[in-house]
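Q: I'll drop the sequence and a predicted model, then ask my questions.
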Amino acid sequence: MIKGIFFVAIDQSKPLSDQGPFDVVMHKLLGKEWRQIIEDYRQTHPEVTVLDPPDAIQHLRNRQFMLQAVADLNLSDSYGKVGVPRQLVIKKDASSIPDAVTKSGLILPLVAKPLIADGSAKSHELSLAFDQNSLQKLEPPLVLQEFVNHGGVLFKVYIVGETIKVVRRFSLPDDVCKRELSKNAGVYHVPRVSCAAASADDANLDPRVAELPPRPLLEKLAKELRNRLGLRLFNLDIIREHGSGDHFYVIDINYFPGYGKMPGYEHIFTDFLLNLVQGKYKKRSC
Ligand SMILES: Nc1ncnc2c1ncn2[C@@H]1O[C@H](COP(=O)(O)OP(=O)(O)OP(=O)(O)O)[C@@H](O)[C@H]1O
Ligand SMILES: [Mg+2]
């Protein structure tokens, strides 16, 4: 029987005083970091199932390491290839960026992403740098990623245990660089396009852009990443390189994404939790 489910979520964009009562009590009374709180709770309550280990969740908060598992996997089969954009980490000193970019061989335009992605608004403020001079206007610590042309469509792949759901979303258009360059050279602040409620499902899109990634490819990718990341509840943002047909890039991985936007989430989640409990009981009775 499921007695209760606690999803411990700390909203990093708000001060602790504005958090829900559970988090505040935990923090204020114990004065500990959230990971330690869960670890301690797990030790003293062995009957409780922790859905995903705190350290594995923490790993996804750093964009330097977030996509490493996908790069290591280097997935390529008859259905397509999955990689990650080439990227460079800049920890400090904005004036060193132009040189570092030249040495790395990265090709402009570059997407600049804050190094830490912790759910706060600031950590999701992205910029596009079009020219060498504008690079020193960026604010480290950050990750610089090559912009991959992808036809303005992104695939959000939701993973809940062994279930996968894919939805199409609008993304940055390929000509954003040309358009912004004609207005003013420099740094363009990227709006949070993929969070917009609008789905791209009904839009009149070029079928070569809109076609979902092949199911067998996604299944293989999800299975491998579940194991490599050690997580069950996450999503992948995937784009298809424009004109490549079957070359995909994972550009972002989020832990416990907004599942409310995943079609059929009520049933999927209920089944996931019930399977978990049944699995636990089976183990106990063996
Ligand atoms: N390497 C890239 N090439 C092309 N477009 C990119 C690239 N990286 C990011 N983008 C665009 O920027 C958007 C946001 O990037 P990303 O998902 O990495 O950041 P985020 O902070 O997690 O944003 P969000 O929370 O909106 O997903 C993507 O949805 C996509 O439109
Ligand atoms: Mg994203």
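A: In hand now; what should we look at? Residues are numbered from 1 along each chain as shown. Ligands and ions are numbered 1, 2, ... in the order given.

Q: Can I get stretch 233-243 in PDB, CA atoms only?
A: Taking Å, rounded to 0.1, in the frame of the first residue of the first chain, the C-alpha atoms of stretch 233-243 are listed here in PDB:
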ATOM      1  CA  LEU A 233      12.100  10.900 -13.900                       C
ATOM      2  CA  PHE A 234      13.600  13.300 -16.400                       C
ATOM      3  CA  ASN A 235      13.200  14.800 -19.800                       C
ATOM      4  CA  LEU A 236      15.400  15.400 -22.800                       C
ATOM      5  CA  ASP A 237      15.300  18.400 -25.200                       C
ATOM      6  CA  ILE A 238      16.200  17.000 -28.600                       C
ATOM      7  CA  ILE A 239      16.700  18.800 -31.900                       C
ATOM      8  CA  ARG A 240      17.300  17.400 -35.400                       C
ATOM      9  CA  GLU A 241      20.100  19.000 -37.400                       C
ATOM     10  CA  HIS A 242      18.400  20.700 -40.300                       C
ATOM     11  CA  GLY A 243      18.800  18.900 -43.600                       C
END
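
Q: does that stretch come close to ligand 1?
A: Yes: interface with ligand 1: stretch 233-243 contributes D237 (CB under 6 Å from any ligand atom). All C-beta atoms are positioned from the backbone trio N, CA, C, and that covers glycine.

Q: Would the strand or helix carrying L128 count as contacting ligand 2?
A: Assigned by DSSP states H and E, L128 belongs to strand 126-129. No: applying CB under 5 Å from the ion, one finds strand 126-129 separated from ligand 2 by no less than 9.2 Å.

Q: Which residues of the stretch 1-150 of the chain lie near ligand 1?
A: P85, V111, K113, A117, H124, L126, Q145, F147, V148, H150.

Q: Once you drop chain neighbours, what's closest to the residue of the stretch 1-150 of the chain at minimum distance from ligand 1?
A: For the stretch 1-150 of the chain, the residue closest to ligand 1 is H124, as judged by CB to the nearest ligand atom, at 3.4 Å. Closest residue to H124 apart from its sequence neighbours, by CB to CB, 6 or more residues apart in numbering: R192 at 6.2 Å.
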